[in-house]
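Undergrad: Sharing a model prediction with you, sequence too.
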Amino acid sequence: MGWAFYFLRQYDQAEVQLRKTIELDTNFVFVRFVLGQVLTQQGRYEEAISELDLALSQSPDLPSILSAIGYASALLGNKPKTLEILTKLGDLETKRYVSPYEFALVHIGMDDKDEAFACLEKALDDHSSWLIWIKMEPTFDRLRSDPRLAAMALRLGLAS
């Protein structure tokens, strides 16, 4: 339910549901990850990063958690932390596949739209399954007015 409320941009309801789930299982990494995203969308960046750090401590080097930390850090204005996350994603990429989609999310937070779209184009070339979220994921709301996002959705068959 919390994840559904997140996509509906009903962040208060999402937070309530996610916190109830955490009460049931404090080690549920995915719920902490989504809660971090909810807190980010609410502008509660420091709380979001704390929650995401907890998730990362349970699943070290998970690219989706790293990119969420990078996105929140960028919105907080913590450029050193944001660049550190981009470096960690780059280092991780030398050991295993990391979708360019993850890098794009951090660049969206940095308001570097051109680099975000360059990463999304690479993700498209890689046939990244993460791209199915571009129409729903609130992080992409920062790009909604850019015609490149609509064109990408069309190319992906997510728009007509």
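TA: Structure's in. What do you need? These numbers come from a predicted model, not from an experiment.
Undergrad: hey, let's count contacts and neighbours off CA atoms from now on
TA: Will do.
Undergrad: ok, the most centrally placed residue in the chain - contacts?
TA: For the chain, the residue whose C-alpha lies nearest the mean C-alpha position (C-alpha atoms, centre = their mean) is A68; its distance is 4.1 Å. Listed by C-alpha atoms under 8 Å, 6 or more residues apart in numbering, the contact partners of A68 are G36, Q37, L52, L105, V106.
Undergrad: Of those, which belong to helices?
TA: Among the contacts of A68, the subset assigned to helices under DSSP state H consists of G36, Q37, L52, L105, V106.
Undergrad: From those residues, pick the one nearest F5.
TA: Top of the list for closeness to F5, among those and by C-alpha to C-alpha, is Q37 at 11.7 Å.
Undergrad: Make sure that closest one is actually in contact with A48.
TA: Yes - taking C-alpha atoms under 8 Å as the definition, Q37 is a contact partner of A48 at 6.7 Å.
Undergrad: between those two, who's got more neighbours?
TA: In this view Q37 and A48 are compared by other C-alpha atoms under 10 Å, and Q37 has more residues nearby, 29 against 26.
Undergrad: give the contact list for the more buried one.
TA: If you count contacts by C-alpha under 8 Å, 6+ apart, Q37 has them with A48, A68.
Undergrad: try it again with 10 Å
TA: For Q37, the contacting residues are 3, 6, 11, 15, 31, 43-45, 48-49, 51-52, 65, 68-69, 71-72, 138-139, taking C-alpha atoms under 10 Å, 6 or more residues apart in numbering as the criterion.
Undergrad: Among those residues, which are located in helices?
TA: Checking the contacts of Q37 against DSSP H, those in helices are 3, 6, 11, 15, 31, 45, 48-49, 51-52, 65, 68-69, 71-72.
Undergrad: Just the buried residues from the residues you listed, in PyMOL please.
TA: Here is the PyMOL command that selects only those of the ones in helices among the contacts of Q37 that count as buried (16 or more other C-alpha atoms under 10 Å):
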select buried, resi 3+6+11+15+31+45+48+49+51+52+65+68+69+71+72
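Undergrad: Around the residue lying closest to K79 once chain neighbours are set aside, how many other residues sit close by?
TA: Nearest residue to K79, sequence neighbours excluded (C-alpha to C-alpha, 6 or more residues apart in numbering): S73, at 7.2 Å. The number of residues packed near S73 is 25, by other C-alpha under 10 Å.
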